[in-house]
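Engineer: curious how this folds, go ahead:
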Amino acid sequence: MSRTYKATGINLKTQTFGESDRIVTILTKEFGLVRVVAPGARKHNSSLGGRSGMFVVNELLIAEGRSLDRITQAQTIKTYPGLAQDLGKLAASQYLAEITLCQALSDQPQEELFQLLNEYLQRIESLSKTEVGNVVAYLAHGVFQLLALAGLTPQLDTCCLTHQPLHPDWTNPFWRVGLSIPAGGVVCLQAWERLRLERQKEKQGQQNHPADTPQASNPDYQTVVHRQELPIISRRLTAKQLFMLQYLSQPEIMQIEAATDDGWLSVEQILRQYAQYHFGYSIRSATLIDSYFAANHDAIV
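Structural biologist: Numbers count the residues shown, from 1 in each chain. You can find the predicted model right below:
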């Protein structure tokens with residue numbers, strides 16, 4: 001007799017299977033990611049049809065199988081119908097689902113991740129039609145909080161080189177700070193330039209005087225030199241972008257006129273680039289974000 005187990009989960013990915021079944025990837029509170037078969041879910045009168053749809057939260061009874069477990073009972077406890085009625089909200093929700101799939105674990109409880117994802121789906125769904133720009137704001141905030149849960153947030157308050165605090169300079173419109181995605185945080189460009197010149201001088205000195213090194217005069221002599229690496233600058237951030245990124249660690253989003261401001265679009269793109277690098281995964285839903293929200297921004301301004 002096959003063993004059954006109970007779980008509460010939200011559907012994050014579906015695909016067809018066989019003539020009438022569906023395979024559903026579910027984030028559960030109790031067991032993390034599970035990939036199960038919803039038998040007959042594609043039949044017209046199937047009770048699992050709607051319950052196996054995207055972003056439906058169910059209480060499940062699942063039977064273990066040889067290769068794939070199977071849903072035997074499902075009771076819906078939460079749905080997000082408003083997401084499917086708005087392309088922007090749907091794209092943002094799929095985006096968050098992709099980030100969640102990148103970091104979710106299997107065979108381990110994932111209650112905190114489960115609650116966080118549902119919280120942001122609820123926030124996005126509840127936005128009115130006049131708050132189009134806020135969808136991107138909540139998306140950026142949700143991505144940052146998911147990165148924080150995974151322990152992958154960028155270092156934004158102090159320089160990766162000097163470890164000194166970095167504050168946006170609002171008085172200088174040309175002020176910039178570097179973001180090094182491989183190094184995992186922001187970099188003071190003045191400190192970076194000084195280090196670059198030091199490395200350049202060292203390289204020139206070695207080329208001009210190769211015989212002056214201890215290794216050249218004595219092959220058996222070895223020295224270990226710990227040098228600070230020159231980080232790659234992935235992009236340069238304005239004072240406004242740095243301020244908005246730093247604010248994302250707060251529990252609520254910054255209250256700005258997001259619908260008439262492209263600030264959140266640029267912040268989302270920065271976080272996207274960072275997340276894709278550290279997860280090693282290209283976020284497919286991001287193309288919808290680019291096309292939909294860029295078009296809406298152009299229409300508004």
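
Engineer: tell me, how many residues neighbour the nearest residue to P168 once chain neighbours are set aside?
Structural biologist: Closest residue to P168 in three dimensions, ignoring its sequence neighbours and counting by C-beta to C-beta, 6 or more residues apart in numbering: A239, at 3.5 Å. Where C-beta positions appear, they are placed from N, C-alpha and C, glycine not excepted. Neighbours of A239 under the rule other C-beta atoms under 10 Å: 18.

Engineer: same check on the one 10 residues further on?
Structural biologist: Other residues near S249 number 13, with proximity taken as other C-beta under 10 Å.

Engineer: and it, backbone torsions?
Structural biologist: Summarising the backbone geometry of S249 under the convention degrees, to the nearest 10, its torsions are phi -70, psi -10.

Engineer: can you check I124 too?
Structural biologist: According to degrees, to the nearest 10, the main-chain angles of I124 amount to phi -70, psi -40.

Engineer: work out for me the element Y95 sits within.
Structural biologist: Assigned by DSSP states H and E, Y95 belongs to helix 87-103.

Engineer: what's that helix packed up against?
Structural biologist: Applying 3 or more C-beta pairs under 8 Å, 6 or more residues apart in numbering; DSSP states H and E, one finds that helix 87-103 makes contact with strand 4-17, strand 21-28, helix 81-84, helix 111-125, helix 132-149, helix 263-279, helix 286-300.

Engineer: quick check: mean pLDDT of the last one?
Structural biologist: When pLDDT is averaged along helix 286-300, the result is 74.

Engineer: the first one too?
Structural biologist: Confidence over strand 4-17, taken as the mean pLDDT, stands at 97.

Engineer: next one: the third one
Structural biologist: Confidence for helix 81-84, expressed as mean pLDDT, is 95.

Engineer: report the buried residues of that helix.
Structural biologist: Of the residues in helix 81-84, those scored as buried under the neighbour-count criterion (16 or more other C-beta atoms under 10 Å) are G82, L83.

Engineer: who's in contact with that helix?
Structural biologist: For helix 81-84, the external contacting residues (C-beta atoms under 8 Å, 6 or more residues apart in numbering) are M54, F55, K89, L90, S93, L121, I124, E125, S126.

Engineer: how about the CA coordinates for it, as CSV?
Structural biologist: The C-alpha atoms that make up helix 81-84 are tabulated as CSV, following Å, rounded to 0.1, in the frame of the first residue of the first chain:
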residue,chain,number,x,y,z
PRO,A,81,-8.0,35.6,-9.6
GLY,A,82,-6.9,39.3,-10.0
LEU,A,83,-3.5,38.3,-11.2
ALA,A,84,-4.8,36.6,-14.4
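
Engineer: for the protein, what's the longest helix?
Structural biologist: Residue-count comparison of every helix in the chain, with assignments taken from DSSP state H, identifies helix 189-208 as the longest.

Engineer: distance from the chain centre to that helix, please.
Structural biologist: 35 Å (C-alpha atoms, centre = their mean, to the nearest Å).

Engineer: which strands or helices does it pack on?
Structural biologist: So helix 189-208, by 3+ C-beta pairs under 8 Å, 6+ apart, packs with strand 177-180.

Engineer: I'd like the average pLDDT over the strand it packs on.
Structural biologist: 98.

Engineer: list the strands paired with that strand, with their directions.
Structural biologist: strand 185-187 (antiparallel), strand 235-237 (antiparallel) (DSSP bridges).

Engineer: where does pLDDT dip in the stretch 151-300 of the chain?
Structural biologist: 209-227, 254-261, 295-300 (pLDDT under 70).

Engineer: repeat the analysis, applying 80 as the threshold.
Structural biologist: In the predicted model of the stretch 151-300 of the chain, residues 205-228, 253-262, 294-300 satisfy pLDDT under 80.

Engineer: what's the domain layout of the protein?
Structural biologist: 4-79, 87-153+249-300 (automatic domain parsing).

Engineer: including distance to F243, could the ones you listed go into JSON lines?
Structural biologist: JSON lines is the format used below for the domains of the chain (distance: least, C-beta to C-beta, whole Å):
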{"stretch": "domain 4-79", "distance to F243": "32"}
{"stretch": "domain 87-153+249-300", "distance to F243": "9"}
